[in-house]
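Peer 1: Here is my input; please provide its structure:
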Amino acid sequence: MLQTGTESTMLQGGTAGALIHGRAEQEGGPITILFLVDASLSMKDGLGGGKHKMDAAKEVLVKALERIPSDCNIGLRVFGQFTGIDPCHATALLVPPGTHNRGSIVEKVRGLKPMGMTPLTYALMQTAEGDLAHIQGKKTIILISDGEDTCALDPCYYIQTLPSRGIHLKIDIVGLGLKHDPHARKQLDCIAKSSGGKYYDADTSAQLIDSISHSVSKAISGTVITPGVAPGAIIKNTDTPPELIPILPAGKLIDEKELRENSQPKKNRDNSTQR
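Peer 2: I've put the predicted structure just below:
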């Protein structure tokens with residue numbers, strides 16, 4: 001059993017899923033959680049426990065959504081799955097953050113098909129400077145990925161530029177099956193730490209459930225008002241209308257040339273400066 005948050009907020013993890021109990025006090029406005037999901041080709045690979053990474057991620061996301069209090073703003077962005085466009089710009093906001101969109105998110109999650117590259121930095125750019133730019137209150141990105149950026153950009157460097165530009169958000173990251181990929185783990189861990197978030201390893205379906213449970217519990221603890229709910233009662237969101245929201249295409253947000261130059265290894269940057 002996992003226990004986090006205030007005295008009146010408890011989350012249970014494990015293979016049975018995550019349940020959020022009690023009520024918490026609101027602090028500093030509404031909370032927004034945006035799930036950023038890797039749908040690159042490698043998400044077809046297996047994860048310990050007999051499931052493919054993508055299938056395990058879908059199952060856990062659906063369970064988590066059903067148990068997040070209805071007054072949390074939830075959104076969904078995916079990257080890597082789209083064809084017919086530049087694979088390093090393959091990302092889309094499938095469901096904008098909101099409170100009456102759980103059914104839409106579940107429908108979109110179930111339809112995810114891994115097939116492309118991993119434009120992680122570009123997806124983070126779209127999320128930070130587009131999806132969450134005009135949203136007030138506490139903002140958390142929960143990133144589920146099985147690898148590093150494959151588009152020659154440095155996502156950690158990009159995240160480190162955000163505070164000086166007035167962009168403040170936290171990124172919790174669940175790394176899938178990265179036990180033997182220390183470089184990817186280091187990059188993802190750097191992203192999380194640079195934003196004040198946490199990196200979780202998940203090498204089995206059970207660990208994936210626990211990791212998502214931890215992150216969601218931390219995001220909602222002490223920020224969500226659930227009026228009229230007795231202590232110990234189970235809060236289960238029921239606002240799941242079936243309508244789907246049109247996909248919003250990616251847009252150009254920052255000078256990618258500058259970002260690409262700063263994403264080069266330090267040695268290469270020094271050499272180019274000398275030349």
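Peer 1: export the longest helix seen in the chain as PDB, just CAs?
Peer 2: Looking across the chain with DSSP state H, the single longest helix is helix 205-220. Extracted C-alpha coordinates of helix 205-220, given in PDB (Å, rounded to 0.1, in the frame of the first residue of the first chain):
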ATOM      1  CA  SER A 205       3.100  -3.900 -15.400                       C
ATOM      2  CA  ALA A 206       2.800  -3.800 -11.600                       C
ATOM      3  CA  GLN A 207       5.600  -1.300 -11.300                       C
ATOM      4  CA  LEU A 208       4.000   0.800 -13.900                       C
ATOM      5  CA  ILE A 209       0.700   0.900 -11.900                       C
ATOM      6  CA  ASP A 210       2.600   1.900  -8.800                       C
ATOM      7  CA  SER A 211       4.600   4.600 -10.500                       C
ATOM      8  CA  ILE A 212       1.500   6.200 -12.100                       C
ATOM      9  CA  SER A 213      -0.300   5.900  -8.700                       C
ATOM     10  CA  HIS A 214       2.500   7.800  -6.900                       C
ATOM     11  CA  SER A 215       2.600  10.600  -9.500                       C
ATOM     12  CA  VAL A 216      -1.100  11.100  -9.600                       C
ATOM     13  CA  SER A 217      -1.400  11.100  -5.800                       C
ATOM     14  CA  LYS A 218       1.400  13.700  -5.500                       C
ATOM     15  CA  ALA A 219      -0.300  15.900  -8.100                       C
ATOM     16  CA  ILE A 220      -3.700  16.000  -6.500                       C
END
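Peer 1: chain center to whichever strand or helix holds Asp55: distance?
Peer 2: Applying DSSP states H and E as the criterion places Asp55 in helix 53-66. Helix 53-66 sits 12 Å away from the centroid of its parent chain (C-alpha atoms, centre = their mean, to the nearest Å).
Peer 1: And it, what does it pack against?
Peer 2: Helix 53-66 sits against strand 31-38, strand 46-47, helix 102-110, strand 170-176, helix 205-220, with contacts defined as 3 or more C-beta pairs under 8 Å, 6 or more residues apart in numbering; DSSP states H and E. (C-beta placed from N, C-alpha, C; glycine too.)
Peer 1: Output the below-cut-off pLDDT ranges for the stretch 101-250 of the chain.
Peer 2: 222-250 (pLDDT under 70).
Peer 1: That one: helices as residue ranges?
Peer 2: Secondary structure of the stretch 101-250 of the chain, counting by DSSP state H, counting those that start in this stretch: helices at 102-110, 120-126, 155-161, 182-194, 205-220.
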